[in-house]
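Participant: show me how the following folds:
(one chain, ligands or ions: 2)
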Amino acid sequence: MIAQAGSVPAPEAPERGWSGPAEAHSAGLYVHFPWCVRLCTYCDFDRQASGFERIPRYVDAVCTEIRRQPRVPIHSVFFGGGTPSLMAAAQVRQILDAARERFALLPGAEVTLETNPDDTLGMDFPALRAAGVNRISMGVQSLDDRFLRLLGRRHDAAGARAAVARVRAGGIGNLNLDLMFGLPGQTLEDWRATLEGAIELEPDHCSCYLLTIDERVPLGRDVARGRLRLPDDEALAEQYELARTLLAEAGYEQYEISNWARPGHASRHNLTYWRDEPYLGVGAGAASSWGGRRYKNTPVVRRYLAAIDAGRQDLQECETVDWLTAAQDCIALGLRLREGLDLARFERRFGVALECLAGEELRLLRRAGVLEERDGRLRVADRHLLVTNEVLARLRIAMEGGSVRRRAPRST
Ligand SMILES: C[S@@+](CC[C@H](N)C(=O)[O-])C[C@H]1O[C@@H](n2cnc3c(N)ncnc32)[C@H](O)[C@@H]1O
Ligand code: SF4
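Facilitator: Ligands and ions are numbered 1, 2, ... in the order given. Prediction:
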């Protein structure tokens, strides 16, 4: 149930028999910074490469928006973008100070700054550490210069390696590297070289994202016109399996479809989303899930600033989460996690066992070995991870009372 909205609607009463959003004693805080020096050829996030003169006003507006948030203990802060590493350390500090004034930032709160490798040259690490940043998430994408050029990245492989060294020398011990696979023309051996190179850099956490593009981005247009070719499904499955194997051998635990961490380094902030816990988002384009509603600020910086100045919130989307949507989302998010979906918690929260909601489909997926139950948790079996989205779509349709093709999805 998504409604276009120009201002904040009054919260609606939950449906009868539905006890409302998941119980939670703390929330995650997401801060969006929508500027990039240059737009990468594959990216369709809310970002822009102009209007940099508005940044100081934007930082002030984010602080104002923070002061209007509900007072809730915060377990993690994530500066995402765009390229938040373009902010001066003093601006990061200004935002974190506003957050500390408004919320109780819990002891040991994870505070992540998304960082482009080139920006590490000008970053004041002692000041960032003093401000509270304790985790860097670096967009490396590839350690092969051919692909970095194709992706329109500003850095080369040597630059990424030097950036990692700078983060380490700067005393920020908790480091994630983002990589992408399924790139046009990428072979298994190309991907192996990037994975091995990334593992040599010894990050604490590694995200491996399958490239997803459509014709709205330049790379997608080149693919659509036949100038570039994406690897086929079989090649993608091999690339994904290679990531699983090499990262496991190097001591990384896969805790989500696209995320691996050394023990104790799973991202607290990202777990907030997948465990369906509440989060507050501030800044243009930032999304929130709070009090049984999901809403997203306008991504248009000019409109965002005008709304904050006028004491309003300009929302692009606003959804009151009804019982069925909440149950479907809880399943979709829980099945992305390798720990799986806690079936008893699901039943407590929604007042009905999962079997009663998705009965026949669930039985079929279990019998086919696509879904497996262990210690009261339901999860997608290892060899079917790449078809997780199809599994989720089938469960969603079944829960809505629709019919699904009566056979198990293709295994990878
Ligand atoms: C929104 S970006 C911000 C990070 C930072 N600006 C950077 O690019 O280094 C976060 C991550 O999303 C991933 N990403 C962005 N666009 C993607 C796409 N089309 N397909 C798959 N992953 C993508 C990249 O790995 C990127 O590092
Ligand atoms: S991938 Fe990162 S740097 Fe590139 S356009 Fe997207 S947000 Fe900006």
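Participant: report the beta-bridge partners for the residue of the chain found nearest ligand 1.
Facilitator: Closest approach between the chain and ligand 1, counting by Cβ to the nearest ligand atom: Gly139, at 1.7 Å. All C-beta spots, glycine's among them, are computed from the backbone N, C-alpha and C. When bridges are called by DSSP bridges, Gly139 pairs up with Asp178.
Participant: ok, now which ones touch it?
Facilitator: When contacts are counted by Cβ atoms under 8 Å, 6 or more residues apart in numbering, Gly139 touches Glu114, Thr115, Asn116, Pro117, Arg153, Asp178.
Participant: so which bits of the helix or strand in which Ile331 is found are buried?
Facilitator: Using DSSP states H and E, Ile331 maps to helix 323-334. Buried residues in helix 323-334, defined by neighbour count with 16 or more other Cβ atoms under 10 Å: Trp323, Leu324, Ala326, Ala327, Gln328, Asp329, Cys330, Ile331, Ala332, Leu333, Gly334.
Participant: returning to that earlier point: pick out the most distant pair among the contacts of Gly139.
Facilitator: Greatest spatial distance in these: Glu114 and Arg153, 14.3 Å, computed using Cβ to Cβ.
Participant: more crowded one of those two?
Facilitator: Arg153 (24 against 21; other Cβ atoms under 10 Å).
Participant: assign that one to helix, strand or coil.
Facilitator: Three-state call for Arg153 (DSSP: H, G, I helix; E, B strand; the rest coil): coil.
Participant: just the helices in the stretch 251-400 of the chain please.
Facilitator: For the stretch 251-400 of the chain, the helices defined by DSSP state H, counting those that start in this stretch cover 268-274, 301-309, 323-334, 343-350, 354-367, 388-399.
Participant: could you dump the ones you listed into JSON lines with mean pLDDT and distance to ligand 2 added?
Facilitator: Formatted as JSON lines, those follow (pLDDT from 0 to 100; distance: least, Cβ to the nearest ligand atom, whole Å):
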{"stretch": "helix 268-274", "mean pLDDT": "95", "distance to ligand 2": "17"}
{"stretch": "helix 301-309", "mean pLDDT": "98", "distance to ligand 2": "14"}
{"stretch": "helix 323-334", "mean pLDDT": "90", "distance to ligand 2": "23"}
{"stretch": "helix 343-350", "mean pLDDT": "91", "distance to ligand 2": "34"}
{"stretch": "helix 354-367", "mean pLDDT": "89", "distance to ligand 2": "34"}
{"stretch": "helix 388-399", "mean pLDDT": "89", "distance to ligand 2": "22"}
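Participant: need those helices in TSV with distance to ligand 1, can you?
Facilitator: As requested, the helices of the stretch 251-400 of the chain are exported to TSV (distance: least, Cβ to the nearest ligand atom, whole Å):
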stretch	distance to ligand 1
helix 268-274	12
helix 301-309	16
helix 323-334	18
helix 343-350	29
helix 354-367	26
helix 388-399	14
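Participant: indicate which one of those is closest to Asn134.
Facilitator: Proximity to Asn134, assessed across the helices of the stretch 251-400 of the chain by Cβ to Cβ, is greatest for helix 268-274 (10.9 Å).
Participant: show me where pLDDT drops low in the chain?
Facilitator: The model of the chain has pLDDT under 70 over residues 1-24, 402-412.
Participant: for the longest helix seen in it, packing partners?
Facilitator: Ordering each helix of the chain by length in residues (DSSP state H) puts helix 233-249 first. Secondary-structure packing of helix 233-249 (3 or more Cβ pairs under 8 Å, 6 or more residues apart in numbering; DSSP states H and E): strand 174-181, helix 188-200, strand 205-210, strand 253-256.
Participant: rerun that using 10 Å as the cut-off
Facilitator: strand 174-181, helix 188-200, strand 205-210, strand 253-256, strand 259-261 (3 or more Cβ pairs under 10 Å, 6 or more residues apart in numbering; DSSP states H and E).
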